[in-house]
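**Student:** I would like the atomic coordinates for the input below:
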Amino acid sequence: SSFVTEIPLITTSKDLAILAARLEAGRQLYNAVLSEGKNRLQLVRNSELYQQARLIDKNDKKGKSSAFQKAREAYRFSDYDLQAFANKTAIASIWIKSHLDAQTIQKIATRAFKALERMAFGKAKKVRFKQKGQFASLEGKTNKQGIRWTGNSIEWSKLKLPGIIINDPVLLHGLSSKIKYVRLVRRILNQKTYWYAQLVCEGKPYQKLKNLIGDGNVGID
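**Tutor:** Below you'll find the model as predicted:
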């Protein structure tokens, strides 16, 4: 199980400019992966393998799933394949590669793949490309490389952003827990830009005594 601990960050005007550039690089890469993945998904749906898979009896779940998987493999429509595409795109761009590390690039590709997967399984009608200002977060895969929380600050490719730590039991519980990975989130409030670190921690969130579940009858209005 996991829970999120959010910490506001202290940023200078220089930090904001660097983060804005990295966020823009992430947005452009996300759109590129989404476009490529969308094309591959269409090829899968148009393929003979896919049409044959649709004809398999729905009671044969294993056979049907295996047939759809073969169709996806034929046109390299998978999380792994889109991560490989994202890496190639970033290297070819140079500008994107200079702003994003390998783990962040892979997580952006996974994010795009999950959006496409929702459309593939009929859970969404379409995928949306991110316009300027709509891409507001970046995250790593572990707390060892790329975007990571060390001590009381975020460290990411020569960038160090101190966190605002207060004596709060909820916050201290998160900081004392094992961190799986870190997410950077941008929010614009009253035309001012603020950045937050979201520590995705292992375990269960802190539960205040007043919020403990008790026994007895309750009334609901």
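**Student:** The one helix or strand E6 maps to - which strands sit beside it in the sheet, and in what orientation?
**Tutor:** Element membership for E6, per DSSP states H and E: strand 2-8. Taking DSSP bridges as the criterion, strand 2-8 sits next to strand 192-202 (antiparallel) in its sheet.
**Student:** what comes up buried for the partner strand?
**Tutor:** Neighbour-count burial for strand 192-202, counted by 16 or more other C-beta atoms under 10 Å, picks out 195-201. From N, CA and C alone the C-beta is placed, and that goes for glycine too.
**Student:** Check which helices and strands the top helix by length along the chain sits against.
**Tutor:** Counting by DSSP state H, the longest helix found in the chain is helix 13-46. Applying 3 or more C-beta pairs under 8 Å, 6 or more residues apart in numbering; DSSP states H and E, one finds that helix 13-46 contacts helix 61-74, helix 79-93, helix 95-99, helix 102-120, strand 137-139, strand 159-162, strand 179-189, strand 192-202.
**Student:** Show me what counts as buried in the strand holding E6.
**Tutor:** Neighbour-count burial for strand 2-8 flags 3, 5, 7 (criterion: 16+ other C-beta under 10 Å).
**Student:** just to revisit the earlier point, state the next helix or strand along the chain beyond the longest helix of the chain.
**Tutor:** Helix 13-46 is succeeded, C-terminally, by helix 48-55 (DSSP H and E).
**Student:** other SSEs contacting that next one?
**Tutor:** Counting contacts by 3+ C-beta pairs under 8 Å, 6+ apart, helix 48-55 is packed against helix 61-74.
**Student:** Can I get the helix it packs on as CSV, trimmed to CA atoms?
**Tutor:** Output in CSV follows, covering the C-alpha atoms of helix 61-74 (Å, rounded to 0.1, in the frame of the first residue of the first chain):
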residue,chain,number,x,y,z
LYS,A,61,-10.8,-15.8,-22.0
LYS,A,62,-7.2,-17.1,-22.1
GLY,A,63,-7.3,-17.7,-25.8
LYS,A,64,-8.9,-14.3,-26.6
SER,A,65,-6.4,-12.5,-24.4
SER,A,66,-3.5,-14.3,-26.0
ALA,A,67,-4.7,-13.4,-29.4
PHE,A,68,-5.1,-9.7,-28.6
GLN,A,69,-1.6,-9.8,-27.1
LYS,A,70,-0.1,-11.1,-30.3
ALA,A,71,-1.8,-8.3,-32.2
ARG,A,72,-0.3,-5.7,-29.9
GLU,A,73,3.1,-7.3,-30.1
ALA,A,74,3.1,-7.3,-33.9
